[in-house]
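In: okay, sequence plus prediction incoming.
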Amino acid sequence: MDDRQKLIELPIKGHKAFEHYAMNEITSVAFSQEGMHLAIGNEVGVIKLFDIRYPIPIFEKEHQYKFPIKKIQFHETSRTVFSQDKKVIKVFERDSGKVYTNIQTKKDINDFSLYKNSGMVFTACEEEKLGSYFIPNIGNAPKWCSYIENMTEEMEEKQTTTTYEDYKFLTKNDLEQINASHLIGSKMLKPYMHGYFMDHKQYKKLKSVSDPFAFEKHRKEKIEKKLEELRENRIVFQRTLPKVNSKFMEEVLKADMKRTKKAKMAKEKAEMANELLKDDRFGKLFKDKDFHID
């Protein structure tokens, strides 16, 4: 005997509240713990949350990937709703429908599980290891991994230092060099550690007034640096090495090429190398196998 009795019937077809689902297959259904809320997900990633006492949904949400909703689960302590397709797990606030957070993994998600009365979430993906995520705002960590609470507290306690991207850090000596010592104590300087922060634009103006030739010096340094890079990256013509004593010839050519980089040290070796290559008396050294250097 089947003692089950039908308590309620939800007329999906023809009902205005469910007209969006008339053409799409429902892939997931979940009830809240008290049984008063029903969440339905379909094959195109749309979720609707209903209060079963009222035919109009509380809210409707859509997964951006348009994949079928695989699972929906209510988190009672935080009054949130978890919905999952194969790419992402979305967490919504049950009352407002506002997106609380997302859990996105590198591999496709097959299933997920919420650890009871905690903020721990486990995921089963297309890989060997289970994924584990902790959301401290929706619940505490389980007793068997309570150390996670300490980790999150330490992260919250860490103070973030202000980064002054558009400011120049100056010491007292730097201020004296640009004749700006009188600005100490004013709003133009922000005290920090052993010096001060000054707006970069203001610093450039003061620098140009105190040292009008600073730009010209900077320009010359830039030109010299660029010329040095061009010298280092100049085109080198490759020479064909002989079959006999090729390594020896390679060392000779390297000494010849180093003249521009280390002129004083390589000058004598380069001159000797050129003489050796031009002298007919040493021609057999690179042609005759009998002269091969072991």
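Out: Good, I have the coordinates. Residues are numbered from 1 along each chain as shown.
In: can you give me the distance of the closest residue to Lys48 other than its chain neighbours to Lys66?
Out: For Lys48, ignoring the flanking residues on the chain, the nearest one in space by CB to CB, 6 or more residues apart in numbering is Pro57 at 4.3 Å. Placement of C-beta: from N, CA and C, glycine included. According to CB to CB, to the nearest Å, Pro57 stands 19 Å off from Lys66.
In: okay, these two: which has more neighbours?
Out: Pro57 (19 against 12; other CB atoms under 10 Å).
In: for the more buried one, what are phi and psi?
Out: phi -70, psi 150 (degrees, to the nearest 10).
In: my read: it touches Ala39, true?
Out: No. Using CB atoms under 8 Å, Pro57 is not in contact with Ala39, being 9.5 Å away.
In: any shared contact partners between these two?
Out: 48-50 (CB atoms under 8 Å, 6 or more residues apart in numbering).
In: which one of those residues is nearest to Lys187?
Out: Leu49 (52.9 Å; CB to CB).
In: looking at it, the closest one is touching Thr80, isn't it?
Out: No. Checked against CB under 8 Å, the pair Leu49 and Thr80 is beyond contact range at 11.1 Å.
In: anything in contact with each of those two?
Out: 92, 94.
In: so Gln104 is in contact with Lys86, correct?
Out: No. Checked against CB under 8 Å, the pair Gln104 and Lys86 is beyond contact range at 11.1 Å.
In: neighbour-wise, which of these two wins?
Out: Shown here are Gln104 and Lys86; by other CB under 10 Å, Lys86 has more neighbours (17 against 9).
In: let's see the pLDDT reported for the more buried one.
Out: For Lys86, the model assigns a pLDDT of 94.
In: nearest residue to it other than its sequence neighbours?
Out: Nearest to Lys86 is Asp108, by CB to CB, 6+ apart, at 4.4 Å.
In: name the helices or strands packed onto the longest helix that the chain contains?
Out: The residue-count maximum for a helix in the chain (DSSP state H) belongs to helix 214-232. Contact partners of helix 214-232 among helices and strands, from 3 or more CB pairs under 8 Å, 6 or more residues apart in numbering; DSSP states H and E: helix 200-210.
In: by contact count, what packs against the helix it packs on?
Out: Looks like helix 200-210 contacts strand 167-170, helix 214-232 (3+ CB pairs under 8 Å, 6+ apart).
In: so which residues of the stretch 1-150 of the chain form helices?
Out: Ranges of helices within the stretch 1-150 of the chain are 147-157, based on DSSP state H, counting those that start in this stretch.
In: just for it, where's the confidence low?
Out: The stretch 1-150 of the chain contains residues with pLDDT under 70 at 1-23.
In: which residue ranges of it form strands?
Out: 26-31, 37-42, 46-51, 59-62, 71-75, 80-84, 88-93, 99-104, 109-114, 120-125, 131-134 (DSSP state E, counting those that start in this stretch).
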